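Novice: no letters, just coordinates:
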């Protein structure tokens with residue numbers, strides 16, 4: 001049996017048994033299909049389980065993440081105060097907003113993937129000293145493709161995935177379908193272990209260790225994504 005962790009998505013764990021531990025899952029689909037909400041629920045589960053979480057955010061800041069989760073009545077302020085959330089905020093860096101950095105919250109820029117990579121490594125070293133199992137989120141790789149050579153982004157993502165898994169993490173990367181060309185999308189899919197597609201009506205598990213392809217209807221409610 002492949003060890004799995006709870007995703008936090010109502011109905012998805014019944015469909016898949018959870019996400020395989022120490023793997024990376026690509027969650028992709030068209031815009032506005034719930035990819036970021038998927039991430040919020042994955043983080044909410046980390047909060048519930050007391051797991052540490054590494055969160056690389058490109059489209060919103062930590063305070064915006066808190067606000068967006070509060071819209072679902074999910075609160076992470078205590079989790080942040082307990083220093084269990086490790087954030088790399090590239091959204092602030094992209095618009096030149098100054099944020100006070102701490103050990104748990106650093107700022108980078110989507111135009112500088114080398115700096116992002118070095119900050120990921122530094123945070124992972126700190127996480128690894130505390131635990132051998134944690135969660136990671138990258139929302140969204142789409143922004144990195146917008147600012148950099150697609151081949152460079154693929155190379156950086158492969159390195160990111162390798163380091164997360166070596167440190168014991170189980171992670172999610174989001175991507176907006178159609179952002180890069182088909183060849184790049186194929187390379188992105190080849191870089192991860194599991195692939196989940198959202199199209200606003202159907203969630204499809206396109207690839208996951210030990211599973212055949214599975215699909216089910218889903219909807220976005222006041223409780224987040226509900227599958228089935």
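Specialist: Arrived safely. Everything quoted here is computed from the prediction, not taken from an experiment.
Novice: just the buried positions in the helix or strand harbouring residue 216, please.
Specialist: Residue 216 is part of strand 214-221, with elements assigned from DSSP states H and E. Along strand 214-221, these residues count as buried under the neighbour rule (16 or more other C-beta atoms under 10 Å): 218, 220. For the C-beta atoms, the positions are set from N, CA and C on the backbone; glycine is no exception.
Novice: who touches the following helix or strand past that strand?
Specialist: Using DSSP H and E, the helix or strand that follows strand 214-221 in sequence is strand 224-227. Strand 224-227 is contacted from outside by 9-12, 14-15, 34, 37-38, 40-41, 44, 72, 203, 216-220, using C-beta atoms under 8 Å, 6 or more residues apart in numbering.
Novice: just the buried residues of those.
Specialist: The neighbour-count test (16+ other C-beta under 10 Å) marks 9-12, 15, 34, 37-38, 40-41, 44, 72, 203, 218, 220 as buried among the contacts of strand 224-227.
Novice: narrow these to those in helices?
Specialist: Secondary structure assignment by DSSP state H places 12, 15, 37-38, 40-41, 44 of the buried ones among the contacts of strand 224-227 in helices.
Novice: pick out the most distant pair among the buried ones among the contacts of strand 224-227.
Specialist: Greatest spatial distance among the buried ones among the contacts of strand 224-227 (C-beta to C-beta): 15 and 72, at 21.2 Å.
Novice: low-confidence regions, this protein specifically.
Specialist: Low-confidence segments of the chain, defined by pLDDT under 70: 93-97.
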